[in-house]
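Undergrad: here you go, sequence then predicted model.
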Amino acid sequence: MLLLNGETIPQLFITIVRYVVPSEDHTIQRLLLLYFEIIEKTDSKGKVLQEMILICQNLLNNLNHPNEYIRGVTLRFLCRLKETEVIEPLIPAVLLNLEHRHPFVRRNAVLAVMSIYKLPQGEQLLDNAPDLIEKLISTEQDPSAKRNAFLMLFTSAQERAVNYLFTHIDRINDWGEQLQMVVLELIRKVCRANKGEKGKYIKIIISLLSAPSAAVVYECAGTLVSLSSAPTAIRAAANTYCQLLLSQSDNNVKLIVLDRLNELKSSHREIMVEMIMDVLRALSSPNLDIRRKTIDIALELITPRNIDEVVLLLKKEVMKTQGGELEKNGEYRQMLVQAIHSCAIKFPEVASTVVHLLMDFLGDSNVASAIDVVVFVREIIETNPKLRISIITRLLDTFYQIRAARVCCCALWIIGEHCLSLAEVESGIATIKQCLGELPFYTPTEEGESQDTTKNSQQANSMTVSSRRPAILADGTYATQSAASETAMSPPMLAQGSLAAVGNLRSLIVAGDFFLGAVVACTLSKLVLRLEEVQPSKVEVNKASTQALLIMTSMLQLGQSSFLPHPIDNDSYDRIVLCIRLLCNTGDDVRKIWLQSCRQSFVKMLADKQFREAEEIKAKAQISHAQPDDLIDFYHLKSRKGMSQLELEDEVHDDLKRATGEFIKDGDDANKLNRILQLTGFSDPVYAEAYVTVHHYDIVLDVTVINRTRETLQNLCLELATMGDLKLVERPQNYTLAPESSKQIRANIKVSSTETGVIFGNIVYETSNVLERNVIVLNDIHIDIMDYISPATCADVAFRTMWAEFEWENKVAVNTVIQDEKGFLNHIIKSTNMKCLTPPSALEGECGFLAANLYAKSIFGEDALVNVSIEKQTDGKLSGYIRIRSKTQGIALSLGDKITLKQKGAA
């Protein structure tokens, strides 16, 4: 451990050679090799120390040891030895081990030959190494040794590896998994260097798709996609991914395969459309993440030809969720409803086949799923006028089953807007009356009687809550329809709408949901106004109007009574009073507003939503152009001699890619300069700068270290430490830096969560003149949270649900020189790399106030929610707050710091 921490104990070496080296214990010999690996083997001038000759003798003895384990670990140790003077006398013994009877020794001997051949003087030390390995591979039977031999040819004599591959091409499917993986790596390397020959290699890859190993098959599919754009190759890769999706039980593997299919969907959509039903078979997995990703992929592959099949499958999955076997059926059903909703919006003709099935779930215990269903019905009834009558009839029949207040509100709006005929209007009024129950909601006489027995009634209430029995009043009667009994049995339960005996609207309103009461009042007002138009009998109209007025006044009476813990809120009170005034004194202008303007506003909202979706699709479409001076390759003038159909297809699609500019690299070179950070000063003896690359879960630091002195720097070490959820992957190594020379050092850092991290450290080195170590402190590297999060979208309902659930909130006060509300919002969106969920139509106009919701998702799947609420003061300055919520503390704090830092800047 001392040696690992950089301590040098030279006086210990002779003791170890005298007393430890002679040991026959295998464990001690293994530890001894680790010690030899760590110690310094050269002096200050780079020459090998004389005492290292003692190591040579020990290694030579080990290479000729009768035990194969000792031989094998010694050969593995030689792979990490760089000193030519130590290795040279051992080469004959290494070559003898290539013919050892045990495969463990042979496979490590091949690796040792490969590492020796790679040394700067390796070709002089082992000039015939490729010949020896080529001879060995033709007779070798052990899969691992054969793989190592092929790897040696691949890295050191590529032409020999290619010749061996084509000589034994018929037996490639019988090779082991490890060797097949190296073959695929060879193919990738050869095809990158010489694209003209990739046709014959693609045939090898396609033959390997039938290999028994899932890892080989997965790599084959990935290699096919990277090398070829031919439909045959892409189709084979997609088929392979779909088979892996079904055959593999590991959920992580399935998610990775779905990511590959998602990439294929982006670049080869027309081929993936054919595979949509194979992809949807992954819905058989009980994992919600897999199901969600599968549905997302499938929704972007829907066409008029496959829409019926897809919707039929989704309907079957919805039917399966009715069983109570799985605890997350409700959440899965919500996903399916949203998917069917998307299908019906894109292809309205399928709406008639699904809308009635989904309406059975309006009373779903999963409120989110029920809300999705009713929103779907609201949109379909507007976009499909032919379905209006059947939807209204079904909605009125199933309305009593709805138990959630928000679902009731939306269903009541549909009834108020789309009940047009006399029978529908009368049925709508009758349904609402039935769900409200008998009036009044409580009797005024009971209020006076209960004042004297407040304590008794409170005790009775508490008893009834616990036993769920109706309350008994002072005169001995059951108050089954009174507010006293309703509140006594309801507070925790009725708010969820779970009381079966009482009408759903009544139970929710008596529980104190007066917003729903206001919606009921508005719906009744619309129905009565429409009844005036379709009902010739004034008597019936007046009768309906008085009944509606009685319901509204009863709700106001209930809201102002002392039975409820909270009185009616002012907004709901004002809306109900407005409805009462409307029914008492109607006019043509008011009638037009109530019966036409509301629906027109909804139509406008739908049109705006469709326009935004169309704009997003346009923005996603990549527009790429070829350069005017690019080489034009005429396909019809090419020689087709000896080319298979697959090779011809590949040539054609390469030409198409060139024509559409897909081969053009991103001109991102200018942005790379922005990622170079200076770590030391120009006057320091050692100058260092780092190029930072953030790639999903990894941060790679490419550090350039330059010795600016005229002395050799020994044991130069880049020591790094991290703060936050960052972790160094490997320990730093020591280097020797010649005068005025440079060295590239790479450091890998793992990221485990989305938060701002800091990397700090120093450079430590020694010079030949001074024995003490010198330290140069480096500038800190701040890892920006913006590298981890990307804009994303989610439904308004999902946003509100997450906002209520997330426990971490960071509240940032607005402090900026920007004086325009929209300009400030755009500045925050740009600074935080988030997406504004509030539609542009809702942000139009000038009112001195602005509220908007922003959303982003991290690469780790974390959600970041931001609410911006700002107001313009009389002096023209903006005030307000920006609230950030997330499930984890890190993302909330990091985003808050980012906003605080950036909000003052100019828009």
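TA: On my side now, so go ahead. Numbering: from 1, shown residues only.
Undergrad: all contacts plus neighbour counts: C-alpha atoms, from now on.
TA: Will do.
Undergrad: could you list the low-pLDDT ranges of the chain?
TA: Residues of the chain meeting the criterion pLDDT under 70: 1-11, 44-46, 323-327, 443-503, 620-672, 696, 753-756, 769-771, 905-907.
Undergrad: so how far is V817 from L825?
TA: Distance of L825 to V817, computed by CA to CA, to the nearest Å: 13 Å.
Undergrad: with neighbour numbers in mind, choose between those two.
TA: L825 (22 against 15; other CA atoms under 10 Å).
Undergrad: element containing the residue nearest to that one when sequence neighbours are not counted, please.
TA: Once flanking residues are discounted, L825 sits nearest to V868: 7.6 Å by CA to CA, 6 or more residues apart in numbering. In this assignment (DSSP states H and E), V868 forms part of strand 863-872.
Undergrad: partners of that strand in the sheet?
TA: Sheet partners assigned to strand 863-872 using DSSP bridges are listed as strand 849-858 (antiparallel), strand 878-886 (antiparallel).
Undergrad: can you put the ones you listed in CSV and add distance to S247 and mean neighbour count?
TA: Shown next, in CSV, are the strands paired with strand 863-872 (distance: least, CA to CA, whole Å; neighbours: other CA atoms under 10 Å):
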stretch, distance to S247, mean neighbour count
strand 849-858, 30, 20
strand 878-886, 36, 21
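Undergrad: among these, which is nearest K433?
TA: K433 lies closest to strand 849-858 among the strands paired with strand 863-872, at 38.0 Å (CA to CA).
Undergrad: now that closest one - C-alpha only, PDB.
TA: Extracted in PDB, the C-alpha atoms of strand 849-858 (Å, rounded to 0.1, in the frame of the first residue of the first chain):
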ATOM      1  CA  PHE A 849     -47.800  39.500 -15.400                       C
ATOM      2  CA  LEU A 850     -46.400  36.200 -16.700                       C
ATOM      3  CA  ALA A 851     -46.500  32.600 -15.400                       C
ATOM      4  CA  ALA A 852     -45.000  29.700 -17.300                       C
ATOM      5  CA  ASN A 853     -43.900  26.100 -16.600                       C
ATOM      6  CA  LEU A 854     -40.600  24.700 -17.800                       C
ATOM      7  CA  TYR A 855     -39.500  21.100 -18.000                       C
ATOM      8  CA  ALA A 856     -36.300  19.100 -18.700                       C
ATOM      9  CA  LYS A 857     -35.100  15.600 -18.200                       C
ATOM     10  CA  SER A 858     -31.600  14.500 -17.200                       C
END
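Undergrad: next one: it to chain centre, how far?
TA: Centroid displacement of strand 849-858 relative to its chain, using CA atoms, centre = their mean, to the nearest Å, is 18 Å.
Undergrad: quick one: contacts of that strand?
TA: 754, 788-794, 821-822, 829, 833-838, 843, 863-872 (CA atoms under 8 Å, 6 or more residues apart in numbering).
Undergrad: rerun that using 7 Å as the cut-off
TA: Strand 849-858 is contacted from outside by 754, 788-793, 821, 834-838, 863-872, using CA atoms under 7 Å, 6 or more residues apart in numbering.
Undergrad: how many other residues sit next to Q401?
TA: Quick note: Q401 (other CA under 10 Å) scores 20 neighbours.
Undergrad: err, T586, not the other one
TA: Count around T586 with other CA under 10 Å applied: 11.
Undergrad: re the thing from before, contacts only, for the residue nearest to L825.
TA: A851, A852, N853, Y881, I882, R883.
Undergrad: now, the most widely separated pair of those residues?
TA: N853 and Y881 (12.4 Å).
Undergrad: now list the buried members of the contacts of strand 849-858.
TA: Listed as buried from the contacts of strand 849-858 are 754, 788-792, 821, 834-837, 863-872; burial here means 16 or more other CA atoms under 10 Å.
Undergrad: is V700 in contact with K750, as I believe?
TA: No: V700 lies out of contact with K750 (CA atoms under 7 Å); the separation is 8.9 Å.
Undergrad: hmm, V758 is touching A721, no?
TA: No: applying CA under 7 Å, one finds V758 not in contact with A721, separated by 8.5 Å.
Undergrad: more neighbours: these two, which one.
TA: Higher neighbour count among V758 and A721: V758, with 16 against 12, using other CA under 10 Å.
Undergrad: ok, that one to V694 distance?
TA: Taken as CA to CA, the span from V758 to V694 is 13 Å.
Undergrad: what's the answer for E844, then?
TA: Taken as CA to CA, the spacing of E844 relative to V694 amounts to 38 Å.
Undergrad: more crowded one of the two?
TA: V694 (16 against 10).
Undergrad: now the more buried one: which helix or strand?
TA: Counting by DSSP H and E, V694 is part of strand 686-695.
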